[in-house]
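Student: 3D model of this:
(chains A and B)
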Amino acid sequence: AQKITQTQPGMFVQEKEAVTLDCTYDTSDQSYGLFWYKQPSSGEMIFLIYQGSYDEQNATEGRYSLNFQKARKSANLVISASQLGDSAMYFCAMREDPYNQGGKLIFGQGTELSVKP
Amino acid sequence: DGGITQSPKYLFRKEGQNVTLSCEQNLNHDAMYWYRQDPGQGLRLIYYSQIVNDFQKGDIAEGYSVSREKKESFPLTVTSAQKNPTAFYLCASSIDLTGFWEETQYFGPGTRLLVL
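Tutor: Next comes the predicted model:
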């Protein structure tokens, strides 16, 4: 079963507008961590933002924020004021049970974001 | 500058050949990981290592082998048993993540493997 689901294969956004990238997850653990990564065309994965399952506030990092709805098991990434350099693949990932799995991350299939001038 | 290097950037494999992908880090991280990425897909874990001379299989270890003789190095060998090796391979490292939820993994630039 898919543990991380990203239902938007591709998204377009106008420069300077905000965009939301969807991520839903499936876990029976009470404790887990959620991550978003950006992958430009060069291929390197760049860490953007982290949300812990017990964090009461939504995480924010500059223009990135995470809309965390625990009961719905969703962790959507919001990018404000989109820039041309934001065009890339975006991956949602989850870490379960780090005590037994060495920090293993489970990735979704990604969303390709294109920012239009 | 601290970081992760992977070489080569592109690698070509002939039928029946074993090839080795290099991954080196100077971040003093204990844990290292190998992921495979197929077009339009997310990353899947091949192997990981939390300490020198020890490593664990990930979700898709068949047809691959690794070694961890030094803290800085975690080479991946794609053996002839891997029938569909064409993919993008990413190496990552982190502090030992046992018990730490929020620490991220840092990724190298990747190696693209193509079969001739």
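
Student: how near is the closest residue in space to B:N53 that isn't next to it in sequence to B:E24?
Tutor: Sequence neighbours aside, B:R68 is the residue nearest to B:N53 in space, at 6.1 Å (criterion: Cβ to Cβ, 6 or more residues apart in numbering or on different chains). No exception for glycine: its C-beta is placed from N, CA and C like everyone else's. The gap separating B:R68 from B:E24 is 12 Å, by Cβ to Cβ, to the nearest Å.

Student: output the contacting helices and strands for the strand or helix carrying A:F68.
Tutor: Following DSSP states H and E, one finds A:F68 within strand A:64-69. On a contact count with 3 or more Cβ pairs under 8 Å, 6 or more residues apart in numbering or on different chains; DSSP states H and E, strand A:64-69 meets strand A:32-39, strand A:46-52, strand A:74-79.

Student: now the first one: buried residues?
Tutor: When you say that, I think you mean strand A:32-39. A:32-39 (16 or more other Cβ atoms under 10 Å in any protein chain shown).

Student: list just the nearest of those to chain B.
Tutor: Nearest to chain B among these is A:G33, at 4.0 Å by Cβ to the nearest Cβ.

Student: any idea whether A:G85 is helix, strand or coil?
Tutor: helix (DSSP: H, G, I helix; E, B strand; the rest coil).

Student: now it: how far from chain B?
Tutor: 18 Å (Cβ to the nearest Cβ, to the nearest Å).

Student: burial of that residue, as a residue count?
Tutor: 9 (other Cβ atoms under 10 Å in any protein chain shown).

Student: check contacts around A:D29.
Tutor: By Cβ atoms under 8 Å, 6 or more residues apart in numbering or on different chains, the residues touching A:D29 are A:53, A:96-97.

Student: now do 10 Å
Tutor: When contacts are counted by Cβ atoms under 10 Å, 6 or more residues apart in numbering or on different chains, A:D29 touches A:53, A:94-97.

Student: kindly report the same for B:E69.
Tutor: Counting by Cβ under 10 Å, 6+ apart, B:E69 makes contact with B:52-53, B:75.

Student: overlap of the contact sets of B:R68 and B:E24?
Tutor: Common contact partners of B:R68 and B:E24 (Cβ under 10 Å, 6+ apart): B:32, B:74-75.

Student: export these to a markdown table and append columns for secondary structure, pLDDT and neighbour count.
Tutor: Converted to a markdown table, the shared contacts of B:R68 and B:E24 look like this (DSSP: H, G, I helix; E, B strand; the rest coil; pLDDT from 0 to 100; neighbours: other Cβ atoms under 10 Å in any protein chain shown):
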| residue | secondary structure | pLDDT | neighbour count |
| --- | --- | --- | --- |
| B:M32 | strand | 93 | 30 |
| B:F74 | coil | 98 | 28 |
| B:P75 | coil | 98 | 17 |
